[in-house]
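Q: Sequence and predicted structure, then a few things I'm wondering about:
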Amino acid sequence: MATSTDHLASLVERADEAVRGIEDADRQRIAFDRVLVHLLNQDHKVSTASSSVTAPRDPGGSDDADATFADPQQRIDAVAEYFKIDPEQVPDVFDVSDEGPSLIVRTSQLDEAKANATREIALLVTGVRTALGRDTETAHIRECVDNYGRLDRSNFMKTLTTMPELSVLGKRGSSNRIVRMKVRGAEKAEDLVKRLVGE
């Protein structure tokens with residue numbers, strides 16, 4: 001069955017929400033394109049898993065366009081733009097030497113309480129991945145929280161799903177779910193990163 005107009009509009013709205021914090025128009029467009037393509041690809045995988053009918057391809061295209069940030073400097077610039085900090089400050093918070101970004105703040109910079117630290121890490125991980133046009137899974141956040149010694153296994157998912165700054169998609173009880181940044185979350189993540197770099 002073809003993707004409905006309402007469903008496509010919903011995907012576009014989700015992509016738009018994900019990149020709303022990026023002020024530079026060119027970078028916002030690039031990030032929007034990447035997020036939307038990813039959403040459409042994920043939606044296509046779900047559709048083809050239950051149907052033999054595939055979505056029509058653009059008749060003028062041959063392969064999917066490469067929309068990755070080609071080198072660390074491009075990733076640094078995108079992250080700096082998203083969080084509204086100087087590019088030189090990005091390595092104080094994130095390692096973007098690989099396409100999969102990682103959090104590198106000191107443990108002492110995070111809240112000592114597990115729930116609060118989980119919220120901080122969730123904002124940082126979701127924010128940096130959003131800045132680079134990458135999906136965030138609860139598994140990404142869980143691994144990072146665990147690495148920082150703040151994981152409360154019995155309350156981890158509850159902490160995430162009750163955060164007003166994030167949308168946790170998927171069914172309750174699923175072991176790994178997609179996380180989307182809301183506008184208020186982007187603003188709070190920006191404030192958190194600025195605090196971490198001493199602004």
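A: All right, it came through fine.
Q: next SSE after the helix or strand of the chain with the lowest mean pLDDT?
A: Taking mean pLDDT, DSSP states H and E as the measure, helix 25-50 is the helix or strand of the chain with the lowest mean score, a mean of 63. Remark: after helix 25-50, the chain's next helix or strand is helix 72-83, criterion DSSP states H and E.
Q: Can you spell out which helices and strands pack onto that next one?
A: Packing partners of helix 72-83 (3 or more C-beta pairs under 8 Å, 6 or more residues apart in numbering; DSSP states H and E): helix 25-50, helix 114-131, helix 183-196. Where you see a C-beta, it was placed from the backbone N, CA and C, and this is true even at glycine.
Q: nearest to residue 147, of these?
A: helix 114-131 (9.2 Å; C-beta to C-beta).
Q: Would you mark the buried spots in that closest one?
A: 114, 117-131 (16 or more other C-beta atoms under 10 Å).
Q: just curious, which of those is nearest to residue 179?
A: Among the buried residues of helix 114-131, residue 126 lies closest to residue 179 (C-beta to C-beta), at 5.4 Å.
Q: if I look at that closest one, how far off is residue 115?
A: Residue 126 sits 16 Å away from residue 115, going by C-beta to C-beta, to the nearest Å.
Q: tell me the angle the helix or strand containing residue 10 makes with helix 72-83.
A: Per DSSP H and E: residue 10 is located in helix 5-19. Compare the direction of helix 5-19 with that of helix 72-83 by axes from the mean of the first three to the mean of the last three C-alpha atoms, to 10 degrees and you get 100 degrees.
Q: Now for the buried residues of helix 114-131: which two are most distant?
A: 114 and 131 (25.7 Å).
Q: quick one on the thing from earlier: now tabulate the helices and strands packed on helix 72-83 in CSV and tack on distance to residue 176.
A: Output for these, formatted as CSV (distance: least, C-beta to C-beta, whole Å):
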stretch, distance to residue 176
helix 25-50, 13
helix 114-131, 14
helix 183-196, 20
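Q: Name the nearest residue to residue 35, ignoring sequence neighbours.
A: Using C-beta to C-beta, 6 or more residues apart in numbering and skipping the chain neighbours, the partner closest in space to residue 35 is residue 15 (4.3 Å).
Q: Tell me the pLDDT of the one you found.
A: As predicted, residue 15 sits at a pLDDT of 77.
Q: these two touch, right, it and residue 29?
A: No - with contacts counted by C-beta atoms under 8 Å, residue 15 stays clear of residue 29, the gap being 11.0 Å.
Q: So for the two, which sits in the more crowded spot?
A: Remark: of residue 15 and residue 29, residue 15 carries more neighbours, 22 against 12, as counted by other C-beta atoms under 10 Å.
Q: My guess is residue 137 contacts residue 177. True?
A: Yes - counting by C-beta under 8 Å, residue 177 is a contact partner of residue 137 at 6.9 Å.
Q: tell me the SS of the spatially closest residue to residue 194 that is not a sequence neighbour?
A: In space, residue 194 comes closest to residue 85 once its chain neighbours are excluded; the distance is 6.3 Å by C-beta to C-beta, 6+ apart. Put simply, residue 85 is coil when judged by DSSP: H, G, I helix; E, B strand; the rest coil.
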